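just need the structure, nothing else, for what follows:
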Amino acid sequence: MMLAKPEIVPLLVQLKGALVQEMNDGGMGSLQFVDPEGRRFGSMPVEAAFHDTDGTFVSVAVMLDQFGALWQLDIWKVDNSSLIRIPPPIHVQIG
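Now for the predicted structure:
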């Protein structure tokens, strides 16, 4: 079992009961955390990457708003095609 870094623990707490909606990203899988309007980008504490089933590189970023709350889970497949599958955690490179 992998333990979370202390600075990530508050984000894990926010996940409980979080509401999300799909973003219009061409099927890459990005999510917007639903919350009051008027939020904007604040920071990006976690980045990860993996290769999709077709071998295409995929970048993943957890983005926080200006208040430190979860804002977006951004998934970007570098050829802008739809994501085929998220691999098991062992195949995801964090950092």
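
wait, residue 32 touches residue 20, no?
Yes: Residue 32 is within contact range of residue 20, at 6.5 Å (criterion: Cβ atoms under 8 Å). For the C-beta atoms, the positions are set from N, CA and C on the backbone; glycine is no exception.

these two: which has the busier surroundings?
When neighbours are counted by other Cβ atoms under 10 Å, residue 32 and residue 20 differ, and residue 32 comes out ahead with 19 against 14.

enumerate every residue touching that one.
The contact partners of residue 32, by Cβ atoms under 8 Å, 6 or more residues apart in numbering, come to 20-23, 71-72.

just the helices in this structure please.
Per DSSP state H, the chain has helices spanning 9-15. These are given in chain order.

need the longest strand for it.
Across the chain, the longest stretch assigned as strand under DSSP state E is strand 41-51.

was I right to think residue 86 contacts residue 48?
No: Residue 86 lies out of contact with residue 48 (Cβ under 8 Å); the separation is 10.3 Å.

which residues do the two both contact?
If you check residue 86 and residue 48 against Cβ under 8 Å, 6+ apart, the residues they both contact are residue 92.

pairing partners for residue 93 in the sheet, please.
In this structure, residue 93 has the following beta-bridge partners (DSSP bridges): residue 49.

surely it touches residue 51?
No: using Cβ under 8 Å as the test, residue 93 is too far from residue 51 to be in contact (9.5 Å).

the more surrounded of those two?
Remark: of residue 93 and residue 51, residue 51 carries more neighbours, 14 against 10, as counted by other Cβ under 10 Å.

wait, residue 87 touches residue 50, no?
Yes: between residue 87 and residue 50 there is a contact under Cβ under 8 Å: 5.2 Å.

settle it for me: which of the two has more neighbours?
When residue 87 and residue 50 are compared on other Cβ under 10 Å, the one with more neighbours turns out to be residue 50, at 19 against 13.

how about the contacts made by the closest residue to the more buried one other than its chain neighbours?
If you skip the residues right next to it in sequence, residue 50 has residue 92 as its closest partner in space, 4.7 Å away by Cβ to Cβ, 6 or more residues apart in numbering. The contact partners of residue 92, taken as Cβ under 8 Å, 6+ apart, are 48-50, 60, 86.
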